[in-house]
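# Need coordinates for the below:
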Amino acid sequence: MRYASLIRHGLRHLAVMTCLIQTADAAPLPDGDPVSLAIIHQDVKDVLQDFSLRIGIPIGVSPDVSGIVRDLKGSFAPRDFLDRLSTRHKLTWYYDGDIIHVTPVSANRTLLIELGLGDFDALARTLNDLEIADDRYVVRRTPDARVARLSGPPAFVNLVEKTVGVLPSSTPKPPAAVQNPPTVPSRPRFCIGC
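The predicted structure is shown next:
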């Protein structure tokens, strides 16, 4: 009886066996072998933390993430593993080069950004250069490139928002208002007996 209980307990806590394979994502996950999985019944947060420990990349899991991973077996590339887990549990993930951020899809944000003339190209170039851009979360623009719209997980949207905040604006600033020199009030003239 005790042996059967230990087996059931052990099956619930099977760890994710993993190494990584490179992806063509924003900040690519490190190279390695596919992830080998044998999960029978385990909390999704525990699965993600096990995955994090084995790959050596921290995973920030939102407190709103919940669910049980059942019967997930096979060998997956890390991105495929994260995509599969996300699809099954209505999650979204974003790797910023340091941390894999995992949040519920319901936490996704949409942001409208007012840009100066020609700033969209600078924004797109900077997002690519800093490996913030992600092919899953597209940044769109108006025809005149003065407004951009993006949707995605909070970590992605926040990084784009911070990037916009540090980009120099190419919109010409209006000239400073020319102030007239202060006038000295003239002394009132009084006429007595005029």
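# Compute the first-to-last residue distance for stretch 94-107.
Terminal residues of stretch 94-107 are spaced 13 Å apart (CA to CA, to the nearest Å).
# Please work out which residues outside it touch it.
Residues from elsewhere that reach stretch 94-107 (CB atoms under 8 Å, 6 or more residues apart in numbering): 25-27, 29, 48, 52, 57-62, 64-65, 82, 86, 90-93, 131-132, 134, 137, 152-156, 159. C-beta here means a position set from N, CA and C on the backbone, and glycine is covered the same way.
# from those, which would you call buried?
25-27, 29, 48, 52, 57, 59-62, 65, 82, 86, 91-93, 132, 134, 137, 152-153, 155-156, 159 (16 or more other CB atoms under 10 Å).
# I'd like to know how far T126 sits from S36.
Distance of T126 to S36, given as CB to CB, to the nearest Å: 38 Å.
# measure V166 to L159 for me?
Taken as CB to CB, the span from V166 to L159 is 11 Å.
# Going along the chain, name the helices of the protein.
2-12, 44-55, 78-89, 119-129, 154-166 (DSSP state H).
# pLDDT of stretch 101-111, averaged?
The average pLDDT for stretch 101-111 rounds to 96.
# how many neighbours does S36 have?
15 (other CB atoms under 10 Å).
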